[in-house]
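J.: Build the 3D model from these lines:
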Amino acid sequence: MAKERVNEVKTPSVLLALIPLFLLVIGLMWSVGNFGDEAASGANQLVLLLSGLVTLGLATLSGNNWQALENRLYPAMQILFKPVLILLMVGVLVGIWLLAGVIPLLIKLGLLVLSPKLFYAAACLLCAVVAISIGSSWTTAASIGIALVGIAKVFGLSVEITAGAVISGAYFGDKMSPLSDTTNLAPAVAEVDLFAHVKHMAWTGVPALLLSLFVFTVLGLQQSAAVDTTSLQNALLILEKNYQLSGWLLLPLIVLMTLAYKQVPAFPSLVFGAFVGAIVAVIFQPQLFQANSSALTQLWLVAIDGYEAKTGDSLLDELLSGGGAVGMLNTIWLIVSAIFFGCAMEISRFLSVLIKVVLKIVHGTASLIAVTVGTGVLANIVTCEQYLAILLPGRMYRQAYLERGLDTLNLSRALEDSATVTSPLVPWNTCGAFMAATLGVATLDYMAFSFFNLFMPLLSIAYGLVGFKMRLIQCSPDAA
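T.: Below you'll find the predicted structure:
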């Protein structure tokens with residue numbers, strides 16, 4: 001019994017629980033203000049680590065045993081292994097696909113088919129279709145998304161708006177696909193049927209996508225400068241000159257999409273996609289391999305450090321260079337630091353205390369939906385991981401929905417409308433860090449153009465305020 005009491009974690013006061021959060025906000029503001037765009041290269045990581053250490057220190061000073069906190073911390077941090085492995089493998093895959101000509105081919109096809117005026121809307125819609133098919137926003141961004149950002153550079157369009165369009169479409173598809181892990185997690189936490197959850201989400205998801213497509217269309221039509229056809233033709237000629245472009249280069253992409261559709265986990269899917277890409281590189285791009293070194297050695301180096309294009313055109317060289325596992329290490333450092341802080345807040349019960357305080361302001365359906373959405377957004381900021389942002393408020397608020405006669409389908413939808421879609425808008429969240437590293441556009445730069453992700457929480461709160469599509473417990477299964 002004495003040992004059990006030592007291992008118990010005491011509930012902190014609200015004031016104590018607010019200190020690490022206040023420190024984090026002030027520290028990140030100072031970091032961004034002092035280091036600017038370079039803040040994510042180490043300064044933000046140190047702020048997150050310091051805030052996590054302060055959290056554990058305060059928990060210890062308030063009477064908790066350090067060993068007990070450690071025993072809870074390390075198992076909680078296991079959640080970081082999945083995104084870290086995926087990030088490393090994405091770096092490997094991108095480097096090999098650049099060498100194999102997969103991404104150059106996608107860029108060429110996009111230049112030939114996509115209209116600059118409708119490019120942003122088309123990019124959003126294309127990513128939505130792909131993400132629905134495979135159930136993964138990350139895989140969509142790491143394949144089609146990279147190519148679309150490259151096409152935008154050649155067209156002379158905004159890469160920030162393009163990244164916003166990619167993320168908007170990818171997260172709509174991820175949210176509406178029964179193959180998605182978050183789309184399965186949210187109804188599981190709320191204890192509702194998966195397909196009923198997807199149907200209920202359509203009431204917020206589809207209007208948000210349509211609004212986003214409208215805004216992207218308006219932005220595209222406002223493009224004042226026409227595309228320089230000479231530069232476009234020059235880019236196409238350089239691509240043809242440096243790569244052997246054929247339909248066979250789509251094989252790695254097809255393999256990756258098929259595995260994702262078959263619900264093969266992301267990490268082995270990416271491994272196999274990179275492996276097929278390496279075979280394609282050896283067969284179809286022999287001119288890119290140096291004669292004084294074996295193909296295996298060169299593929300190995302590309303997997304480690306990425307691919308460096310040497311087309312003679314500075315824009316295309318920048319566009320067609322990148323990837324490699326090493327290029328993802330800074331992002332991984334950010335994720336590890338963020339997860340450390342989030343888990344420290346959770347295992348010390350600081351986060352649960354803050355959530356309980358928020359629950360006290362709930363007096364009806366509108367405030368309950370607003371609090372759920374707000375908590376999902378806040379949890380993305382504090383825990384730095386969308387899975388925790390779904391799990392924590394889902395567990396905390398489920399009973400509150402039942403007590404008010406609300407079907408927990410409303411809870412599962414509110415969780416997705418907030419925790420899922422706002423995760424890529426937080427620079428130190430695993431999703432925000434992944435999207436910034438993969439698309440090559442800083443989170444704060446694409447945030448304002450991720451219209452779907454911004455519209456979703458607002459629509460969810462608006463539905464709660466007017467009572468639209470708020471399903472009650474006594475409703476029949478076919479009711480809206």
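J.: tell me the centre residue of this protein?
T.: Nearest to the mean C-alpha position of the chain, by Cα atoms, centre = their mean, lies residue 431 at 3.0 Å.
J.: what's the burial count for the closest residue to that one other than its chain neighbours?
T.: Once flanking residues are discounted, residue 431 sits nearest to residue 423: 3.8 Å by Cβ to Cβ, 6 or more residues apart in numbering. For glycine as for every other residue, the C-beta is placed from the backbone atoms N, C-alpha and C. By other Cβ atoms under 10 Å, the residues close to residue 423 number 29.
J.: Wait, a strand at residue 10?
T.: No: counting by DSSP: H, G, I helix; E, B strand; the rest coil, residue 10 is not part of a strand but coil.
J.: what's the spacing between it and residue 17?
T.: As defined by Cβ to Cβ, to the nearest Å, residue 10 lies at a distance of 12 Å from residue 17.
J.: what do you get for residue 307?
T.: From residue 307 over to residue 17 the distance is 47 Å, taken as Cβ to Cβ.
J.: Could you do residue 129 as well?
T.: The spacing between residue 129 and residue 17, counted by Cβ to Cβ, is 43 Å.
J.: neighbour count winner among these two?
T.: Set residue 129 next to residue 17 and count neighbours by other Cβ under 10 Å: residue 17 wins out with 24 against 14.
J.: for that one, helix, strand, or coil?
T.: Using three-state DSSP, the structure places residue 17 in helix.
J.: wait, doesn't it sit right on residue 356?
T.: No: under the criterion of Cβ atoms under 8 Å, residue 17 is not in contact with residue 356, lying 9.9 Å apart.
J.: Residue 235: what's it in contact with?
T.: Neighbouring residues of residue 235 by Cβ atoms under 8 Å, 6 or more residues apart in numbering: 111, 154, 313, 315-316.
J.: Return the residues in contact with residue 351.
T.: Residue 351 makes contacts with 17, 345, 379, 382-383, 392, as judged by Cβ under 8 Å, 6+ apart.
J.: Which positions in the helix or strand where it lies come out as buried?
T.: Using DSSP states H and E, residue 351 sits in helix 350-359. Buried residues in helix 350-359, counted by 16 or more other Cβ atoms under 10 Å: 350-355, 358-359.
J.: One more: stretch 255-265?
T.: 255-257, 259-260.
J.: can you redo the residues you listed as JSON lines with pLDDT, distance to residue 278 and secondary structure?
T.: Formatted as JSON lines, the buried residues of stretch 255-265 follow (pLDDT from 0 to 100; distance: Cβ to Cβ, whole Å; DSSP: H, G, I helix; E, B strand; the rest coil):
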{"residue": "255", "pLDDT": "90", "distance to residue 278": "12", "secondary structure": "helix"}
{"residue": "256", "pLDDT": "84", "distance to residue 278": "13", "secondary structure": "helix"}
{"residue": "257", "pLDDT": "81", "distance to residue 278": "18", "secondary structure": "helix"}
{"residue": "259", "pLDDT": "85", "distance to residue 278": "16", "secondary structure": "helix"}
{"residue": "260", "pLDDT": "75", "distance to residue 278": "19", "secondary structure": "helix"}
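J.: from those residues, which two are the most distant?
T.: 255 and 260 (9.8 Å; Cβ to Cβ).
J.: helix, strand or coil for residue 244?
T.: Three-state call for residue 244 (three-state DSSP): coil.
J.: quick one, phi psi at it?
T.: Backbone dihedrals for residue 244, given as degrees, to the nearest 10, come out at phi -90, psi 100.
J.: So what's the residue count around it?
T.: Neighbour tally, residue 244, other Cβ under 10 Å: 15.
J.: what does residue 361 give?
T.: By other Cβ under 10 Å, the residues close to residue 361 number 10.
J.: doesn't it fall inside a strand?
T.: No: under three-state DSSP, residue 361 falls outside any strand and is assigned coil.
J.: Let me see the confidence value for it.
T.: The model reports residue 361 with a pLDDT of 77.
J.: cool, residue 3 as well?
T.: The model's pLDDT for residue 3 equals 49.
J.: now do residue 58
T.: We have a pLDDT of 93 for residue 58.
J.: what about it, is that helix, strand or coil?
T.: helix.
J.: Let me know the distance separating the residue lying closest to residue 345 once chain neighbours are set aside from residue 388.
T.: Of all residues not flanking residue 345 in the chain, residue 351 sits nearest, at 4.4 Å (Cβ to Cβ, 6+ apart). Note on residue 351: its distance to residue 388, by Cβ to Cβ, is 9 Å.
J.: same check, this time on residue 137
T.: Per Cβ to Cβ, residue 137 is found 17 Å from residue 388.
J.: can you check residue 403 too?
T.: 24 Å.
J.: who has more neighbours, those two?
T.: More neighbours surround residue 388 than the other of residue 403 and residue 388, with 23 against 9 (other Cβ under 10 Å).
J.: residues touching the more buried one, list them.
T.: 79, 342, 346, 379.
J.: Turn those into JSON lines, including neighbour count, distance to residue 149 and pLDDT.
T.: JSON lines is the format used below for the contacts of residue 388 (neighbours: other Cβ atoms under 10 Å; distance: Cβ to Cβ, whole Å; pLDDT from 0 to 100):
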{"residue": "79", "neighbour count": "17", "distance to residue 149": "28", "pLDDT": "72"}
{"residue": "342", "neighbour count": "31", "distance to residue 149": "29", "pLDDT": "79"}
{"residue": "346", "neighbour count": "22", "distance to residue 149": "35", "pLDDT": "83"}
{"residue": "379", "neighbour count": "31", "distance to residue 149": "29", "pLDDT": "83"}
